[in-house]
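Engineer: Whatever this is, show me its structure:
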Amino acid sequence: MTKRTHDAPAASADLSTKEGTNDLIAFLVGSFILVLLVVMAVEAAVVWLESMLLPILQAVLEGGQAAFGHETTSLFALGGRVISLLWPAVRGAYLPQVGQARNSFVVVVLLLMLLTPLLPPLLGALAFSRLVVGRVRSMQERREHELAQIDRRRSQFLTDVAHDLRSPLMAISGMAHAITDGVVHDDETRDEYLRSIRDKADKMSGLVSLVFDYAKLGSGSYVLDREEVDLPELLLREAAVAYSDVEDVGMHLSVEVPEDPCRVFADPVQLGRVVANLLVNAVRHNGPGTEVALLLVRRAGVAYVVVADTGAAIPGDPEELFQPFVRGDKARTASGGSGLGLSICRRVAELHGYDLTLVQPYGRFGKAFVLRCTVV
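Structural biologist: Sure, this is the predicted structure:
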């Protein structure tokens, strides 16, 4: 089965995307609120502790009993009381007695109390800045890692495409030289060579077209030719086209598409291409006797186009199936395929604002590709 996923990096790692920007903003807002709540809680605890300590210090300075009846209800009031206690010491009222250890100690404690309420906001700002720096650095590292992966996949992809083009080109060149050099004498062999040249040229043309379409759809400038489309009509048309291909390989095609109108705002050519590709994919990667099903399931405001089959489930991470650049030896199959079909389907779905996912198992079927469409 062709391999899967987004070719783009995770949106949360890319600040150039709307999703990535929103993710960072959500993180910043959440972190700020969390740090603010912690700072407020610590600040309240500091104010409470200092309000309990102030009357004791005042009593020590005045040589009397602690005035526990006074309450400090705010940070500003607390600061005012601390300053009022320190002011006489600054003016010298207590300086003559500074030699007494208790007064010196109390003055130091009062100064610390005056500075302590400033610590939670400063520490909170430091913690918030470290969270932001750590988050941005993590996103940057993730983005760089994903870009490196894409470069490796792109290099492998180009190598595979070059291989797939070189092999038929060499075969075409050899057969063409054999014909033109007079090596082939009988008409039957010449016709066989010409048919082989035609088939290989068609395969090369199809591969080049897929690469071109993939690049075009991912360019960011491609615009869908959207209109109101009757989804059941489109699905039944694609099923009729695929029917003979399914039956020719010994498979069975079942269609469960209600004929009630179900309209979507879509590009009929591109949407039909997605359905056709999913049907071809099911035929190409399953054996004789497999049942292939085309289903339409309606929900409130949503229509699900399902291409399912009774073949074996696909091992590994489903997200790997839509990767456009994963096409090493492990992904090569005897059935051929460019490795771009599902990637193109995913891009077309995203351009429409739809979702294309793999679900396995799906009811009585081994697997199913499910296209979620928004109903007009």
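
Engineer: looking at the protein, which helix or strand does the model trust least?
Structural biologist: helix 75-91 (a mean of 54; mean pLDDT, DSSP states H and E).

Engineer: isn't residue 356 right up against residue 343?
Structural biologist: No. Residue 356 sits out of contact with residue 343 when judged by C-beta atoms under 8 Å, with a separation of 10.4 Å. Yep, even glycine has a C-beta here, placed from its N, CA and C like the rest.

Engineer: which neighbours do the two share?
Structural biologist: By C-beta atoms under 8 Å, 6 or more residues apart in numbering, residue 356 and residue 343 have these common neighbours: residue 322.

Engineer: who has more neighbours, the two?
Structural biologist: Using other C-beta atoms under 10 Å as the criterion, residue 356 and residue 343 rank with residue 343 on top: 26 against 21.

Engineer: For the strand or helix carrying the more buried one, C-alpha coordinates in CSV please.
Structural biologist: Assigned by DSSP states H and E, residue 343 belongs to helix 341-352. This file holds the C-alpha atoms of helix 341-352, laid out as CSV (Å, rounded to 0.1, in the frame of the first residue of the first chain):
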residue,chain,number,x,y,z
GLY,A,341,-1.0,8.8,-4.9
LEU,A,342,-2.0,9.0,-1.3
SER,A,343,0.1,12.1,-0.7
ILE,A,344,-1.8,13.9,-3.6
CYS,A,345,-5.1,12.7,-2.1
ARG,A,346,-4.2,14.1,1.2
ARG,A,347,-3.2,17.5,-0.3
VAL,A,348,-6.4,17.7,-2.3
ALA,A,349,-8.4,16.9,0.8
GLU,A,350,-6.6,19.6,2.8
LEU,A,351,-7.1,22.2,0.0
HIS,A,352,-10.9,21.5,0.3
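
Engineer: so for it, what's the average pLDDT?
Structural biologist: For helix 341-352, mean pLDDT is 89.

Engineer: That helix: what's the following helix or strand?
Structural biologist: Going down the chain from helix 341-352, the next helix or strand is strand 355-359, by DSSP H and E.

Engineer: can you pull the pLDDT of residue 69?
Structural biologist: pLDDT, residue 69: 44.

Engineer: oh, I was asking about residue 27
Structural biologist: pLDDT, read off for residue 27, is 80.

Engineer: again, but for residue 306
Structural biologist: 97.

Engineer: then the host helix or strand of it to PDB, C-alphas only?
Structural biologist: If you go by DSSP H and E, residue 306 is part of strand 302-309. Taking Å, rounded to 0.1, in the frame of the first residue of the first chain, the C-alpha atoms of strand 302-309 are listed here in PDB:
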ATOM      1  CA  VAL A 302     -20.900  16.000   7.400                       C
ATOM      2  CA  ALA A 303     -20.600  13.300   4.800                       C
ATOM      3  CA  TYR A 304     -18.000  10.500   5.000                       C
ATOM      4  CA  VAL A 305     -16.800   8.900   1.800                       C
ATOM      5  CA  VAL A 306     -15.300   5.500   2.700                       C
ATOM      6  CA  VAL A 307     -13.200   3.300   0.400                       C
ATOM      7  CA  ALA A 308     -12.800   0.000   2.300                       C
ATOM      8  CA  ASP A 309     -11.600  -3.500   1.600                       C
END
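
Engineer: mind showing which ranges of this structure have poor pLDDT?
Structural biologist: For the chain, applying pLDDT under 70 flags the ranges 1-20, 50, 53-115, 219-220, 324-339.

Engineer: returning to what we had before: for the strand holding residue 306, give me every contacting residue.
Structural biologist: 231, 235, 262, 264, 275, 278-279, 281-282, 286, 290-298, 362-363, 365-375.

Engineer: ok and that strand relative to strand 355-359, angle-wise?
Structural biologist: Relative orientation of strand 302-309 and strand 355-359, computed by axes from the mean of the first three to the mean of the last three C-alpha atoms, to 10 degrees: 40 degrees.

Engineer: Strand partners (parallel or antiparallel) of strand 302-309?
Structural biologist: Using DSSP bridges, the strands paired with strand 302-309 are strand 291-299 (antiparallel), strand 367-374 (antiparallel).

Engineer: In JSON lines: those, plus distance to residue 35 and mean neighbour count.
Structural biologist: Output for those, formatted as JSON lines (distance: least, C-beta to C-beta, whole Å; neighbours: other C-beta atoms under 10 Å):
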{"stretch": "strand 291-299", "distance to residue 35": "42", "mean neighbour count": "19"}
{"stretch": "strand 367-374", "distance to residue 35": "39", "mean neighbour count": "20"}
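
Engineer: Now distance to residue 135 too, for those, in JSON lines please.
Structural biologist: Formatted as JSON lines, the strands paired with strand 302-309 follow (distance: least, C-beta to C-beta, whole Å):
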{"stretch": "strand 291-299", "distance to residue 135": "37"}
{"stretch": "strand 367-374", "distance to residue 135": "31"}
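
Engineer: Residue 312 is nearest to which of those strands?
Structural biologist: Taking C-beta to C-beta, strand 367-374 is the member of the strands paired with strand 302-309 nearest to residue 312, at 8.0 Å.
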